[in-house]
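K.L.:
Predicted coordinates and the sequence they were generated for:
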Amino acid sequence: EGGRVEVRLDVDVDAAGGARVAVSDSGPGVTEEARARLFEPFFTTRPGGTGLGLAVSQAIAEAHGGHIDVDVGPLGGARFTLSLPAPSREQEAAA
């Protein structure tokens with residue numbers, strides 16, 4: 001309650017034209033120990049959680065040539081960053 005969330009979008013973050021979306025909050029963050037396992041299937045820090053959400057999200061990101069990272073954000077809590085490469089010419093032509 002009373003926390004803050006920040007969403008940041010950066011495009012053309014590399015020479016190839018990739019994009020990055022970062023979501024940060026002012027919550028308690030993620031411990032270093034949890035960060036090391038956060039994307040493992042069935043690992044959870046939440047009561048009643050399945051531990052599949054971030055594992056599935058990471059698999060989807062990787063299927064598109066990207067990845068998700070977690071660290072400490074500018075608001076003091078967790079920051080999750082989705083990085084994706086620019087689409088190839090073949091992908092653009094198929095769209």
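P.N.:
Right, received. Where do you want to start? Bear in mind that the values here come from a model prediction, so they are computed numbers and not experimental data.

K.L.:
what's in contact with stretch 31-41?
P.N.:
30, 43, 45, 51-52, 54-55, 58, 68, 70-71 (C-beta atoms under 8 Å, 6 or more residues apart in numbering). For glycine as for every other residue, the C-beta is placed from the backbone atoms N, C-alpha and C.

K.L.:
Kindly present these as CSV, with separate columns for pLDDT.
P.N.:
What follows is the contacts of stretch 31-41, written out as CSV (pLDDT from 0 to 100):
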residue, pLDDT
30, 94
43, 95
45, 88
51, 93
52, 96
54, 96
55, 97
58, 98
68, 98
70, 97
71, 96
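
K.L.:
Now go through those residues and say which are in strands.
P.N.:
68, 70-71 (DSSP state E).

K.L.:
thought residue 28 was touching residue 77?
P.N.:
Yes. Under the criterion of C-beta atoms under 8 Å, residue 28 lies in contact with residue 77, with a separation of 6.4 Å.

K.L.:
More neighbours: which of those two?
P.N.:
residue 77 (18 against 10; other C-beta atoms under 10 Å).
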